[in-house]
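**Q** no sequence for this one, just the structure:
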């Protein structure tokens, strides 16, 4: 099996590299090395995943995305083995602060004697728009439709499971490099914060004695 990292990058409307939004997903292929059709299938799966919920993403995202595929067996620094686009259609609702995101967690099935923390991962989906939020019992929470859209996208990745394209969604431990197929996951109804995605200040309001 080859392990392929799909690194997905989205530009913001200011086109500043430091404000790019980056996430990573991993896939296993039945062939070693991965075939070109399998790499194309990974690109299509990643596009479908993001298109399932892009209508809740911030209009500050330009809509221009890129997918870089890396073979994790290659020595560092790795060179992408495929480059393609991952364009999205963000919401037209007012943007939320760039730090606000929603975590999608996923894990392999638990195995006796294995550290489950190394069989688990997550990505932070955002920045988001105002239509991604609902007030529930006086508390601002991710909208149920937003969470359902992410769930739909995640189920699409789970449905790959080898299939006719010979690719599967996997978890890769950054500590050991061990790989296991994704078995389940979840999206909580509480916002997360990605401080590194925040905008830099442009003004300062001061006060003094």
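**A** That came through fine. Source: prediction; values computed, not measured. Numbering: from 1, shown residues only.
**Q** now the helices: where do they sit in the protein?
**A** Ranges of helices within the chain are 36-51, 144-158, based on DSSP state H.
**Q** as a markdown table, those helices with distance to residue 193 would be great.
**A** Using the backbone N, CA and C atoms, a C-beta is placed for each residue, glycine as well. A markdown table is the format used below for the helices of the chain (distance: least, C-beta to C-beta, whole Å):
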| stretch | distance to residue 193 |
| --- | --- |
| helix 36-51 | 21 |
| helix 144-158 | 17 |
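**Q** which stretches of the chain have low pLDDT?
**A** The chain contains no residues with pLDDT under 70.
**Q** any chance you could map the strands in it?
**A** 2-12, 21-29, 61-71, 82-85, 100-107, 120-125, 133-136, 139-142, 167-172, 179-181, 184-186, 192-193 (DSSP state E).
**Q** mind listing what's buried in the first one?
**A** Of the residues in strand 2-12, those buried by neighbour count under the rule 16 or more other C-beta atoms under 10 Å are 2-12.
**Q** quick check, residue 100 in contact with residue 129.
**A** No. Applying C-beta atoms under 8 Å, one finds residue 100 not in contact with residue 129, separated by 10.1 Å.
**Q** before we move on, the earlier item: so which of the strands of the chain is the most surrounded?
**A** Among the strands of the chain, ranked by average contacts under mean count of other C-beta atoms under 10 Å, first place goes to strand 167-172 (a mean of 23).
**Q** that older thread, mean neighbour count and distance to residue 205 added to the helices of the chain, as a markdown table?
**A** Formatted as a markdown table, the helices of the chain follow (neighbours: other C-beta atoms under 10 Å; distance: least, C-beta to C-beta, whole Å):
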| stretch | mean neighbour count | distance to residue 205 |
| --- | --- | --- |
| helix 36-51 | 19 | 37 |
| helix 144-158 | 17 | 33 |
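**Q** ok, back up a step: so which of the strands of the chain comes closest to residue 199?
**A** Smallest distance to residue 199 across these (C-beta to C-beta): 8.9 Å, for strand 2-12.
**Q** would you give the sheet partners of that closest one, along with the direction of each?
**A** Strand 2-12 has the following strand partners under DSSP bridges: strand 21-29 (antiparallel), strand 61-71 (antiparallel).
**Q** would you format the ones you listed as JSON lines with distance to residue 136 included?
**A** Formatted as JSON lines, these follow (distance: least, C-beta to C-beta, whole Å):
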{"stretch": "strand 21-29", "distance to residue 136": "26"}
{"stretch": "strand 61-71", "distance to residue 136": "26"}
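**Q** of these, which is nearest residue 169?
**A** strand 21-29 (6.0 Å).
**Q** what angle separates the closest one from strand 100-107?
**A** Strand 21-29 runs at 20 degrees relative to strand 100-107, counting by axes from the mean of the first three to the mean of the last three C-alpha atoms, to 10 degrees.
**Q** what are the contacting residues of strand 21-29?
**A** Strand 21-29 is contacted from outside by 1-10, 12, 35, 38, 42, 45-46, 49, 61, 72, 123-127, 157, 160, 166-172, 179, 181, 197, using C-beta atoms under 8 Å, 6 or more residues apart in numbering.
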